[in-house]
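Chemist: sequence? don't have it. structure:
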């Protein structure tokens, strides 16, 4: 007989105020699995905006790697299999089987963590469909921006330029495959057919649009924006198109592609580690620059 277990989860109760909640998890029902968390990753800009806004009982995080501990009826997975989920910063959870994605043995944990935001950035790329001969400008070389560069270059888009104020992140963008990386204010106008806004910055968004050619197209991937995004004059004079993208459409399909295109470079996104009890202090520290691309929370200690 399978017994339930407790879930410990970090929630935001007010701006910059946190609470750990503990709830009992039932045994998994038909078509469900119970997963124990091993690692969760912070999407810094997006999660900091949630912390700052302090919406009631907002649950943080959505990139999680765990191990299957219990199976409901009709589930073909095996206990002990590593899986990717969107659980977030919680010690365990119950999931429908279609919402967990098994990780092959040869894929390291931190490469597997790239599945969730990898699909979400690729969904935005699919919306504006850059062609191999087109120049693409990516604003921001954080977690979203670097995964965007990874997806573009591994799928045949080579003319990728990154706009990023941090020189260390510019170097990382080049290592991920960007053709060039520049500080804001240093690029020619009208040079790009496609833009991808990953900076979370109103200034970054406006600069991307200012560099697009007439009839250029842009997708806004960042949803943890530090201020309102406003349309500059170039949006009208050049008749630009702007799309938005949020959650992914098919994490399973992206995972299968990623398993075939595994790259140790992805582990450079997740080099810093913290513990669950240190999460509130970690979010406070991440308000200040310089800061890492992401932070991984290790639940196994």
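Modeler: Structure's in. What do you need? For clarity, every value in this text was computed on a predicted model and none was experimentally measured. Numbering: from 1, shown residues only.
Chemist: Report the helix or strand with the lowest average pLDDT across this structure.
Modeler: strand 58-59 (a mean of 82; mean pLDDT, DSSP states H and E).
Chemist: Does that strand pack against any helices or strands, and if so which?
Modeler: For strand 58-59, the packing partners by 3 or more CB pairs under 8 Å, 6 or more residues apart in numbering; DSSP states H and E come out as strand 5-14. Just so you know, the C-beta spots here come from the backbone N, C-alpha and C atoms, and that holds for glycine as well.
Chemist: could you give the mean pLDDT of the strand it packs on?
Modeler: Averaged across strand 5-14, pLDDT comes to 92.
Chemist: again with stretch 94-102
Modeler: 97.
Chemist: Can you give me the buried ones in that stretch?
Modeler: By 16 or more other CB atoms under 10 Å, the buried positions in stretch 94-102 come out as 94, 95, 97, 99, 100, 101, 102.
Chemist: In contact with the fourth one, which residues?
Modeler: By CB atoms under 8 Å, 6 or more residues apart in numbering, residue 99 lies in contact with 85, 86.
Chemist: Likewise for the third one?
Modeler: By CB under 8 Å, 6+ apart, the contact list for residue 97 reads 31, 32, 33, 72, 75, 76, 77.
Chemist: Doesn't residue 206 belong to a helix?
Modeler: Yes. Under DSSP: H, G, I helix; E, B strand; the rest coil, residue 206 falls within a helix.
Chemist: just to revisit the earlier point, adjacent strands (with direction) for the least confident helix or strand of the chain?
Modeler: In the sheet, strand 58-59 lines up against strand 5-14 (antiparallel) (DSSP bridges).
Chemist: How about the partner strand, which residues are buried there?
Modeler: Applying 16+ other CB under 10 Å to strand 5-14 flags 5, 7, 9, 10, 11, 12 as buried.
Chemist: which is the next helix or strand following that strand?
Modeler: strand 17-25 (DSSP states H and E).
Chemist: taking the mean pLDDT, what do you get for that next one?
Modeler: On average, strand 17-25 scores 94.
Chemist: what helices or strands is it leaning on?
Modeler: strand 5-14, strand 92-96, helix 279-285.
Chemist: So which bits of that strand are buried?
Modeler: Here strand 17-25 shows 18, 25 as buried, counting by 16+ other CB under 10 Å.
Chemist: Stretch 256-266 too?
Modeler: 257, 258, 259, 266.
Chemist: Turn these into CSV, columns for pLDDT.
Modeler: Formatted as CSV, these follow (pLDDT from 0 to 100):
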residue, pLDDT
257, 98
258, 98
259, 98
266, 98
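Chemist: So what's the gap between the longest helix seen in the chain and the chain middle?
Modeler: Secondary structure of the chain per DSSP state H: the longest helix is helix 115-128. The chain centroid and the centroid of helix 115-128 are separated by 9 Å under CA atoms, centre = their mean, to the nearest Å.
Chemist: now it: mean pLDDT?
Modeler: Rounded mean pLDDT across helix 115-128 is 97.
Chemist: which residues touch it?
Modeler: Contacts of helix 115-128 (CB under 8 Å, 6+ apart): 43, 62-63, 84, 86, 101, 143-144, 147-148, 150-152, 155, 194, 196, 198, 217-221, 241, 243, 245-251, 253-255, 258.
Chemist: how about that helix: buried residues?
Modeler: 115, 116, 117, 118, 119, 120, 121, 122, 123, 124, 125, 128.
Chemist: residues touching residue 183, list them.
Modeler: 163, 164, 165, 167, 170 are the contacts of residue 183 under CB under 8 Å, 6+ apart.
Chemist: swap in residue 95?
Modeler: So residue 95 contacts 32, 33, 34, 35, 85, 87 (CB under 8 Å, 6+ apart).
Chemist: Can you add secondary structure, pLDDT and neighbour count and give those back as a markdown table?
Modeler: Output for the contacts of residue 95, formatted as a markdown table (DSSP: H, G, I helix; E, B strand; the rest coil; pLDDT from 0 to 100; neighbours: other CB atoms under 10 Å):
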| residue | secondary structure | pLDDT | neighbour count |
| --- | --- | --- | --- |
| 32 | strand | 98 | 21 |
| 33 | strand | 98 | 24 |
| 34 | strand | 98 | 24 |
| 35 | strand | 98 | 29 |
| 85 | strand | 97 | 23 |
| 87 | coil | 95 | 26 |
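Chemist: now, which of those sits nearest residue 174?
Modeler: Distance to residue 174 across the contacts of residue 95 (CB to CB) is lowest for residue 85, with 32.1 Å.
Chemist: what about residue 290, how many neighbours?
Modeler: 7 (other CB atoms under 10 Å).
Chemist: Which pLDDT does the model give it?
Modeler: 91.
Chemist: where in the stretch 51-200 of the chain is pLDDT low?
Modeler: The stretch 51-200 of the chain contains residues with pLDDT under 70 at 55-57.
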